[in-house]
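1. fold the following and give me the result.
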Amino acid sequence: MATKTATMTDFRNEPLTDFSDPDNQRRMREALAQVHGELGESHPLILGDREVHEGPLADSVNPANPDQVVGRFVQGTVEHADEAVRAAAEAFESWKRRSWEERADIGFRAAEALRRRKFEFSALMVYEVSKTWAEADGDIAELIDFAEYYARQALELGGDQDVVDYPGEDNQLRYIPLGVGIVIPPWNFPSAIMGGMTVAAIVTGNTVVVKPAHTSPTIAYRFVRLLLDEVGVPPGVVNFITGPGGLIGDALVDHPKTRFIAFTGSKEIGLRIYERASKKQPGQIWLKRTILEMGGKDAIVVDETADLDDAANGIVASAFGFQGQKCSACSRAIVVDAVYDAVLEKVAERTRKLNYGDPADPGTYMGAVIDDKAFRKIREYIDIGRQEGRIVVGGDVDPAARGYFIPPTVIADVAPDSRVAQEEIFGPVLAFIRARDYDHALEIANGTEFGLTGAVYSNDEGRLERASDEFHVGNLYLNRKCTGALVGVHPFGGFNMSGTDSKAGGPDYLLLFTQGKSIARKL
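-> Predicted coordinates:
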């Protein structure tokens, strides 16, 4: 059982695995072999204490080898969605009465279970979403961080809250859970974001229905099973459903017993959820809360005072890590005219050295993009980029490749208002934009509808301070890359069309899953 001694001062980020260690290499290869032997299994819906194995199946496949089925999943119906929400509503009546310590203990135990199975979860991500060893390891480390961090935050939130003393009264402020939540996670961080939203909800006393992305359901299923079978989460507190995204997603969002929706994904789907959640359904007695993270068009600004090698390294790492399929990825390099050509040359040189291929190979830097739809969309944007700019690196795919492989692509001389500079591509495509000076660079950086992450490379303290005030993003990084937010260190979430300004992994995140109740007693 967790105790009050497990406070935030005890929190430490989970160390990343050192894959130069032969023992860690061996363990990862063993995990890959184990998971390979389990590929293609069928998985049920989990609705309260009932599993549904019957019904049409849909396959999750390996993006690096689409002929390889990772998992088969029952396609749920609207009736199944209703059953899932009702099971969560029933479980909520008892779960909300558990102590904060008991619920926080779920987070601590989940973190311990994940540490034991770290290589297994990483290997599964290699197959299901084409993450390299390092990217997969970082994903599972972040989920461990979320579980630990939110457990500690729950203990803080469940303790005494400061209120002003008033003569003749005993006054309290308590935070209580909301109710049934819908967790709709993305495929690009299928462990960290999926599990982070789920843990945040349940340690605060809510119950949830997890509806994973159709391209990464196996990872979500395995995590839900871990919670139920190893960690001790009661039936109904966490439910699992797969099925057609529009049909099942709409049914879950619209349900009158749904109290909140935690979502990470595209702007278009986020706006759809935001709109549908705002409509009162028959029998609904609350305003539904939405916790939305919806992507970005992130920029790295480089001025003439910057360390250009450092800037080039940061741009390449931010643009092409996990094939550019991060909402935090750098998709625009905005460089002042005086050093534009030099930075472009350095970025191009480094990009040409990146390799891509099967992520099961430990030497691979980039795997495949997630599916055929993404593959076609990204190639269309590259073709648009040929018209709007100049291809410096990449652009052409290997027609003999079996998977959805796209080389890292750099497009130079792009106008700030061009499509490749404004629209979210979500792939390994980087647009280079020339700015007249630093003022112009900041203007360009702010010139999109998004506001998630950004970075500035400069050795001018005044300019860095200006960026802190004027660069309108939720996560700003100075003289470092714009990806790689750490739980507790860099609370994550953006402005404008990047979402509802929530800060995952921050000290106020759990408040989004609760409501305050003030209690005054006359003495």
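
2. OK, contacts around Asp145?
-> With contact set as Cβ atoms under 8 Å, 6 or more residues apart in numbering, Asp145 has these partners: 13-14, 486-488, 505. Bear in mind the C-beta positions are built from the backbone N, C-alpha and C, glycine included.

3. repeat that for Tyr404.
-> Contacts for Tyr404 (Cβ under 8 Å, 6+ apart) come out as 63-64, 66, 130, 368-372, 374-375.

4. mind giving me the packing neighbours of the least confident helix or strand in the chain by mean pLDDT?
-> Within the chain, no helix or strand scores below helix 245-254, which has a mean of 95 by mean pLDDT, DSSP states H and E. Helices and strands touching helix 245-254, by 3 or more Cβ pairs under 8 Å, 6 or more residues apart in numbering; DSSP states H and E, are helix 78-95, strand 180-184, strand 258-264, helix 267-277.

5. mind putting these in JSON lines, mean neighbour count included?
-> Rendered in JSON lines, the data for the helices and strands packed on helix 245-254 read as follows (neighbours: other Cβ atoms under 10 Å):
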{"stretch": "helix 78-95", "mean neighbour count": "20"}
{"stretch": "strand 180-184", "mean neighbour count": "29"}
{"stretch": "strand 258-264", "mean neighbour count": "26"}
{"stretch": "helix 267-277", "mean neighbour count": "17"}
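
6. ok, which of those comes nearest Ser328?
-> With Cβ to Cβ, the closest approach to Ser328 among those belongs to strand 258-264: 11.7 Å.

7. quick one, grab the pLDDT at the closest residue to Met294 other than its chain neighbours.
-> Nearest residue to Met294 in three dimensions, chain neighbours excluded: Gly270, at 3.8 Å (Cβ to Cβ, 6 or more residues apart in numbering). For Gly270, the model assigns a pLDDT of 97.

8. quick one: contacts for Gly270?
-> Applying Cβ under 8 Å, 6+ apart to Gly270 gives the contacts 263, 292-294, 499.

9. now the residues you listed: which count as buried?
-> Buried subset of these (neighbour count, 16 or more other Cβ atoms under 10 Å): 263, 292-294, 499.

10. turn those residues into JSON lines, including pLDDT, distance to Leu308 and secondary structure.
-> As requested, those are exported to JSON lines (pLDDT from 0 to 100; distance: Cβ to Cβ, whole Å; DSSP: H, G, I helix; E, B strand; the rest coil):
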{"residue": "Phe263", "pLDDT": "98", "distance to Leu308": "39", "secondary structure": "strand"}
{"residue": "Leu292", "pLDDT": "98", "distance to Leu308": "37", "secondary structure": "strand"}
{"residue": "Glu293", "pLDDT": "97", "distance to Leu308": "32", "secondary structure": "strand"}
{"residue": "Met294", "pLDDT": "96", "distance to Leu308": "33", "secondary structure": "coil"}
{"residue": "Gly499", "pLDDT": "96", "distance to Leu308": "33", "secondary structure": "strand"}
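
11. closest to Ala415 out of these?
-> Lowest distance from Ala415 to these (Cβ to Cβ) belongs to Met294, with 24.7 Å.

12. hang on, isn't that closest one packed against Gly499?
-> Yes. Applying Cβ atoms under 8 Å as the test, Met294 and Gly499 come out as touching, 4.7 Å apart.

13. how many neighbouring residues does the nearest residue to Asn188 once chain neighbours are set aside have?
-> Nearest non-adjacent residue to Asn188, counting by Cβ to Cβ, 6+ apart: Gln325, 4.9 Å away. Neighbours of Gln325 under the rule other Cβ atoms under 10 Å: 26.

14. contacting residues around Thr448?
-> Residues near Thr448 by Cβ under 8 Å, 6+ apart: 297, 421-422.

15. could you rerun that using 7 Å?
-> Taking Cβ atoms under 7 Å, 6 or more residues apart in numbering, we find Thr448 in contact with 297, 422.

16. can you tell me which of the contacts of Tyr404 is closest to Thr242?
-> Distance to Thr242, by Cβ to Cβ, is smallest for Asp371 among the contacts of Tyr404, at 15.7 Å.

17. tell me the confidence at the closest residue in space to Leu442 that isn't next to it in sequence?
-> With Cβ to Cβ, 6+ apart as the criterion, Leu442 has its nearest non-adjacent residue at 5.7 Å, and that residue is Glu470. On pLDDT, Glu470 comes in at 98.

18. Glu470 and Ala441 touch, don't they?
-> No. Contact criterion Cβ atoms under 7 Å: Glu470 and Ala441 do not qualify, at 10.9 Å.

19. who's more crowded, those two?
-> Legend: neighbour count by other Cβ under 10 Å for Glu470 and Ala441, higher for Ala441 (27 against 13).

20. helix or strand for the more buried one, just tell me which one.
-> Take DSSP states H and E as the rule and Ala441 turns out to sit in helix 438-445.

21. in that helix, what's buried?
-> 438, 440-442, 444-445.

22. show me the strands in the stretch 351-500 of the chain, by range?
-> 390-393, 409-412, 429-435, 453-457, 475-478 (DSSP state E, counting those that start in this stretch).

23. what about Ala311, neighbour count?
-> Using other Cβ under 10 Å, Ala311 has 28 neighbouring residues.

24. pull the contacting residues for it.
-> Listed by Cβ under 7 Å, 6+ apart, the contact partners of Ala311 are 302, 343, 457.

25. and the first one, how far from Ala312?
-> According to Cβ to Cβ, to the nearest Å, Val302 and Ala312 sit 9 Å apart.
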